[in-house]
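> Sequence and predicted structure below; questions after.
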Amino acid sequence: MVEEWIFECLKGTGKLFLNPVFYYLFFVAAYLGIARVKRERNDFSVRAQNAYFELRQLLPLGLLSGLAVSVVMVGAGAAIPVETIVFTAVLTFLWSFTAKIRWMAPVYTLGFAFFATMFAVEQQWPLSSFAKSVVNTEQSIFPAIAVLLSLLIIAEGFLILKNGQKGTSPKLIKSKRGQTIGVHEAKRVWMVPVFLLIPGQALQTQFEWWPVFTIGENAYSLILVPFAIGFYQRIQGTLPKEGIKLLGQRIMVFGVLLLLLSAAGYWYPLAAVGVAALAIIGREFISLRQRVAEDNASFYFSKRNQGIMVLGVVPGSPADKMALQIGEIVTKVNGVKINDEKGFYEALQKNGAHCKLEVLDVNGQIRFVQRALYEGDHHELGLLLVQDEKKWDSEAV
């Protein structure tokens, strides 16, 4: 029995490479990286993370999340109709064309696929031979989709909590008063591959070579499905890690609540419909609440009367090696008090071989950092700042 499961898992994994969503998500991640670098160079004449950063975030934690979801779904014997998987893939492509990356989250792809599946069955669409699994399946199919949706929302919250705060992108915008201020953006897509049980011989009727195995009196096919999780958040009123952490926690709690409610669907099938609807409405409410809070918050990354605030740090730069952090305020450079970018640059030139900074950290504590400078270091220290209205020749000092 164990050998059969291992064999089926290997075959199911191989089918992942037949899914166009798998390749499309690599394209989306690459596009996000290129677009971010282009914008950062326009704002600061230098990029923060390189263009491959989003690609590197696509899979690692997603694999872990997918494994956890797979264990629950397969362990519970929860089967998902193949047409729901098809609808989810189609919606993943459609929502990506809106340029709103967050619409690629499971609540908008799988959530709407849930209702598309119901509509197709109720209207008795002339489904193709491989898409008739719902018609001949018990009503437990829809509660299973609700459970999967809840688990993927929990996975979304986990990924936001653990990965969303990494490599947020600094950005310059104009306030309502016309002043240049800084914000941070997190725009990312993750891939969560999940093993799913497909009921009956739904796939084998179309593909004779597709493996089928039985559990008790029921026949199933095993397939590894890549789910997309799109994420976008703009942070202006707090440190990026704090704002993103709070959002991730709220989504995880919301997902757990949905998971508890979705269990009721096995006794009351209509409850699954309520869970799917609540998931879409509730997730949109969480996003709306976060956006309203940010729009009404005062700007954290703005010009200060004393010192200059660190909006971003280029990885591998001298500033990064001095452990300067986003949100810290540089008050002195080589013993000279500074008030703006120009003063920072001029004080840095006073000693071309050494740099000593007095820094006020995010907890209000003063600390000193210093480092020997080498040729070119004083021009490219690696700090991204809220620019003066009149930009200087060196915008990333």
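Perfect, I can see it now. Numbering: from 1, shown residues only.
> Quick check: which helices or strands does the helix ranked longest in the chain pack against?
What stands out as the longest helix in the chain, according to DSSP state H, is helix 270-296. Here helix 270-296 touches helix 106-122, helix 141-163, strand 218-235, helix 240-263, going by 3 or more CB pairs under 8 Å, 6 or more residues apart in numbering; DSSP states H and E. Placement of C-beta: from N, CA and C, glycine included.
> Now tabulate these in JSON lines and tack on mean neighbour count, mean pLDDT and distance to residue 53.
What follows is the helices and strands packed on helix 270-296, written out as JSON lines (neighbours: other CB atoms under 10 Å; pLDDT from 0 to 100; distance: least, CB to CB, whole Å):
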{"stretch": "helix 106-122", "mean neighbour count": "21", "mean pLDDT": "91", "distance to residue 53": "23"}
{"stretch": "helix 141-163", "mean neighbour count": "24", "mean pLDDT": "95", "distance to residue 53": "11"}
{"stretch": "strand 218-235", "mean neighbour count": "23", "mean pLDDT": "88", "distance to residue 53": "14"}
{"stretch": "helix 240-263", "mean neighbour count": "19", "mean pLDDT": "95", "distance to residue 53": "15"}
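> Which among the ones you listed is found nearest to residue 39?
strand 218-235 (12.9 Å; CB to CB).
> how about the helices and strands packed on helix 270-296 in TSV, adding distance to residue 353?
Shown next, in TSV, are the helices and strands packed on helix 270-296 (distance: least, CB to CB, whole Å):
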stretch	distance to residue 353
helix 106-122	54
helix 141-163	39
strand 218-235	37
helix 240-263	34
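> Tell me which of those approaches residue 300 most closely.
Of these, nearest to residue 300 by CB to CB is strand 218-235, at 7.9 Å.
> Just the CA trace of that closest one, in PDB.
In PDB, the C-alpha atoms belonging to strand 218-235 read as follows (Å, rounded to 0.1, in the frame of the first residue of the first chain):
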ATOM      1  CA  ASN A 218     -14.000   4.800  -4.100                       C
ATOM      2  CA  ALA A 219     -11.600   5.400  -7.000                       C
ATOM      3  CA  TYR A 220      -9.400   8.400  -7.100                       C
ATOM      4  CA  SER A 221      -6.600  10.000  -9.100                       C
ATOM      5  CA  LEU A 222      -3.800  12.000  -7.500                       C
ATOM      6  CA  ILE A 223      -2.600  15.200  -9.000                       C
ATOM      7  CA  LEU A 224      -0.300  18.000  -7.900                       C
ATOM      8  CA  VAL A 225      -1.900  21.400  -8.600                       C
ATOM      9  CA  PRO A 226      -0.100  24.800  -8.400                       C
ATOM     10  CA  PHE A 227      -2.100  27.400  -6.700                       C
ATOM     11  CA  ALA A 228      -1.100  31.100  -7.000                       C
ATOM     12  CA  ILE A 229      -1.100  33.500  -4.000                       C
ATOM     13  CA  GLY A 230      -0.800  37.100  -5.100                       C
ATOM     14  CA  PHE A 231       0.000  39.700  -2.500                       C
ATOM     15  CA  TYR A 232       0.100  43.500  -2.500                       C
ATOM     16  CA  GLN A 233       0.300  45.900   0.300                       C
ATOM     17  CA  ARG A 234       1.400  49.600   0.600                       C
ATOM     18  CA  ILE A 235       2.700  50.800   3.900                       C
END
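> quick one: it to helix 141-163, angle?
40 degrees (axes from the mean of the first three to the mean of the last three CA atoms, to 10 degrees).
> Give me the sheet partners of strand 218-235 and which way each runs.
Taking DSSP bridges as the criterion, strand 218-235 forms sheet pairs with strand 180-199 (antiparallel), strand 213-215 (antiparallel).
> What residue spans form the domains of the chain?
Following automatic domain parsing, the chain resolves into domains at 2-296, 308-385.
> Tell me which of those domains sits most buried.
Among the domains of the chain, ranked by average contacts under mean count of other CB atoms under 10 Å, first place goes to domain 2-296 (a mean of 18).
> Please compute how far that domain lies from its chain's middle.
10 Å (CA atoms, centre = their mean, to the nearest Å).
> I'd like the average pLDDT over the longest helix of the chain.
Computed over helix 270-296, the mean pLDDT rounds to 93.
> That one vs strand 218-235, what angle?
Computed by the same axes, to 10 degrees, the angle separating helix 270-296 from strand 218-235 equals 20 degrees.
> Quick check: next helix or strand after helix 270-296?
strand 308-313 (DSSP states H and E).
> List the neighbouring strands of that following strand plus their orientation.
strand 329-333 (antiparallel), strand 383-385 (antiparallel).
> now the stretch 1-150 of the chain, which segments are flagged as low pLDDT?
1-12, 14-15, 124-140 (pLDDT under 70).
> hey, where'd the helices end up in it?
2-14, 20-44, 53-57, 60-75, 82-96, 106-122, 141-163 (DSSP state H, counting those that start in this stretch).
> Nearest to residue 366, out of those?
Short answer: helix 20-44, nearest of the helices of the stretch 1-150 of the chain by CB to CB, at 26.6 Å.
> Now do the closest one against strand 218-235, angle only.
Counting by the same axes, to 10 degrees, helix 20-44 points 10 degrees away from the direction of strand 218-235.
> leaving aside the residues next to it on the chain, what's closest to residue 154?
Once flanking residues are discounted, residue 154 sits nearest to residue 255: 3.5 Å by CB to CB, 6 or more residues apart in numbering.
> Run through the residues that contact residue 300.
Residue 300 is in contact with 235, 236, 237, 238, 239, 327, counting by CB atoms under 8 Å, 6 or more residues apart in numbering.
> possible to save the residues you listed as a markdown table with distance to residue 382?
Output for the contacts of residue 300, formatted as a markdown table (distance: CB to CB, whole Å):
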| residue | distance to residue 382 |
| --- | --- |
| 235 | 21 |
| 236 | 23 |
| 237 | 25 |
| 238 | 23 |
| 239 | 19 |
| 327 | 16 |
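> mind listing what residue 181 touches?
Per CB under 8 Å, 6+ apart, neighbours of residue 181: 172, 173, 174, 175, 236, 299, 301, 302, 303, 386.
> Of those, which is the nearest to residue 335?
Checking the contacts of residue 181 one by one against residue 335 (CB to CB), the nearest turns out to be residue 303, at 22.3 Å.
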